[in-house]
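Colleague: Okay, here's the prediction I keep looking at, along with the sequence it came from:
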Amino acid sequence: MAEGRKKAPWPDYRGADIFEGDTIIHPSGETATVVFDADHKNPWRAKYGNGESLWLGNQIGDKGQ
C-alpha cells in the first residue's frame, strides 16, 4: 500500500491499484486527481482542474478510461 494513502476499491483499466492522490489520464489527455471525500455519498472522486468532482467509478470504467 502507498504509505498513508487510501486504496480505491477498483483498479485502473490495466488492473493496477489506484490510491488517493494518484493522477488518472483519459485517452483524450484530460487528467484528474483521485481524492477521497467523505462528505459525498460516493466518496471516491476524480477532481479535475476546472474544479469538477466526479465519482471515480464512472471515470475509470469503459467509458472513462
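Modeller: Happy to help now that I have it. Residues are numbered from 1 along each chain as shown.

Colleague: would you list every one of the helices in this protein?
Modeller: With helices called from DSSP state H, the chain shows them at 56-59.

Colleague: quick one: low-confidence parts of it?
Modeller: 1-2, 62-65 (pLDDT under 70).

Colleague: so where do the strands sit in it?
Modeller: 23-25, 31-36, 44-48, 53-55 (DSSP state E).

Colleague: Among these, which comes closest to residue 3?
Modeller: Set against residue 3 and scored by Cβ to Cβ, those come closest in strand 31-36, at 15.3 Å. All C-beta atoms are positioned from the backbone trio N, CA, C, and that covers glycine.

Colleague: so what secondary structure elements neighbour the closest one?
Modeller: strand 23-25, strand 44-48 (3 or more Cβ pairs under 8 Å, 6 or more residues apart in numbering; DSSP states H and E).

Colleague: Same list, these, but as TSV with distance to residue 15 please.
Modeller: Putting the helices and strands packed on strand 31-36 into TSV (distance: least, Cβ to Cβ, whole Å) gives the following:
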stretch	distance to residue 15
strand 23-25	14
strand 44-48	17
